[in-house]
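Student: My questions are about this predicted structure, shown below with the sequence.
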Amino acid sequence: MSALETMKANRRGLMIVLSSPSGAGKTTLTRQLLASDPDLTMSVSATTRKPRPGEVEGKDYYFVSKEKFAELESNVEFLEHAKVFDNFYGTPRGPVEDALEDARDVIFDIDWQGAQQLTQAAADDLVKIFILPPNMRELEKRLKTRAQDSDSVIAKRMSKSEAEISHWAEYDYVIVNEDLDTALQEVRSIIAAERMRRRRQPWLGGFVKSLISGG
Ligand code: 5GP
């Protein structure tokens with residue numbers, strides 16, 4: 001690593017919130033982002049929801065009982081937590097703090113309630129991105145293709161979508177996901193720009209000083 005690269009690595013980690021109604025493509029986007037950027041870490045939430053087919057404990061979620069969730073909550077082990085649909089979801093605090101200390105950026109797949117709580121707790125480190133579907137028909141189609149939820153759950157999720165979408169204006173960036181590759185490029189551009197914010201590069205002061213003094 002060059003001296004400049006070492007200095008550049010000395011920046012504050014970002015907390016990147018991705019919210020969207022179910023089926024807007026957020027999970028696929030997140031997966032592709034993580035696969036292509038080693039500086040990104042996913043925050044794995046705890047939930048009282050039952051696992052869907054294919055979901056892996058510790059990778060997609062920590063699946064816990066209502067009692068365990070309440071215990072974690074009362075021990076202040078969540079950075080934020082909320083009830084979404086009929087289940088509880090929470091972000092474990094420890095792994096996020098460890099990642100940020102290591103100057104890694106953390107992605108949060110959480111809803112608007114979680115985004116609001118993180119804004120209260122850590123506004124300076126936060127970048128909030130909202131993903132919209134191109135239209136509601138597409139959203140329903142994507143929920144059905146996923147086919148992991150029953151019809152009644154899908155209907156419920158569709159009716160909740162409007163409520164989630166109504167919070168779009170609380171986010172820093174809004175992406176309409178009509179084409180996955182385009183949306184992915186857009187999220188990457190946001191992350192690249194946010195990493196270069198002056199306040200996130202505390203090494204710049206010293207660097208400019210040495211530039212001016214001919215170093
Ligand atoms: P799903 O059950 O489809 O995986 O997630 C349902 C919703 O809960 C999604 O909008 C997702 O972003 C949100 N969610 C997942 N984990 C958390 C969390 O830890 N906190 C909050 N506030 N929302 C979460």
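Tutor: Nice, I can see it.
Student: C-alpha only now, for contacts and for neighbours.
Tutor: Will do.
Student: how about the helices in the protein?
Tutor: Secondary structure of the chain by DSSP state H: the helices cover 3-9, 26-36, 66-74, 93-101, 112-122, 136-146, 151-165, 180-195, 204-212.
Student: Dump these into CSV; add distance to the ligand as well.
Tutor: Compiled in CSV, the helices of the chain are given as follows (distance: least, Cα to the nearest ligand atom, whole Å):
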stretch, distance to the ligand
helix 3-9, 28
helix 26-36, 8
helix 66-74, 11
helix 93-101, 10
helix 112-122, 4
helix 136-146, 10
helix 151-165, 8
helix 180-195, 16
helix 204-212, 34
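Student: Dump those to JSON lines, plus distance to residue 59, mean pLDDT and mean neighbour count.
Tutor: Formatted as JSON lines, the helices of the chain follow (distance: least, Cα to Cα, whole Å; pLDDT from 0 to 100; neighbours: other Cα atoms under 10 Å):
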{"stretch": "helix 3-9", "distance to residue 59": "27", "mean pLDDT": "79", "mean neighbour count": "12"}
{"stretch": "helix 26-36", "distance to residue 59": "11", "mean pLDDT": "93", "mean neighbour count": "15"}
{"stretch": "helix 66-74", "distance to residue 59": "18", "mean pLDDT": "98", "mean neighbour count": "14"}
{"stretch": "helix 93-101", "distance to residue 59": "13", "mean pLDDT": "92", "mean neighbour count": "16"}
{"stretch": "helix 112-122", "distance to residue 59": "19", "mean pLDDT": "95", "mean neighbour count": "17"}
{"stretch": "helix 136-146", "distance to residue 59": "19", "mean pLDDT": "84", "mean neighbour count": "15"}
{"stretch": "helix 151-165", "distance to residue 59": "23", "mean pLDDT": "86", "mean neighbour count": "15"}
{"stretch": "helix 180-195", "distance to residue 59": "21", "mean pLDDT": "96", "mean neighbour count": "15"}
{"stretch": "helix 204-212", "distance to residue 59": "36", "mean pLDDT": "93", "mean neighbour count": "11"}
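Student: Grab the nearest non-local neighbour of the most centrally placed residue in the chain.
Tutor: Nearest to the mean C-alpha position of the chain, by Cα atoms, centre = their mean, lies residue 108 at 2.3 Å. Nearest residue to residue 108 in three dimensions, chain neighbours excluded: residue 17, at 4.7 Å (Cα to Cα, 6 or more residues apart in numbering).
Student: Help me confirm that residue 17 comes into contact with residue 109.
Tutor: Yes: using Cα atoms under 8 Å, residue 17 is in contact with residue 109, at 6.2 Å.
Student: okay, the two: which has more neighbours?
Tutor: More crowded of residue 17 and residue 109, by other Cα atoms under 10 Å: residue 17, with 23 against 19.
Student: Distance of the residue nearest to residue 115 when sequence neighbours are not counted relative to the ligand?
Tutor: Of all residues not flanking residue 115 in the chain, residue 17 sits nearest, at 6.7 Å (Cα to Cα, 6+ apart). Here residue 17 is placed at a distance of 9 Å from the ligand (Cα to the nearest ligand atom, to the nearest Å).
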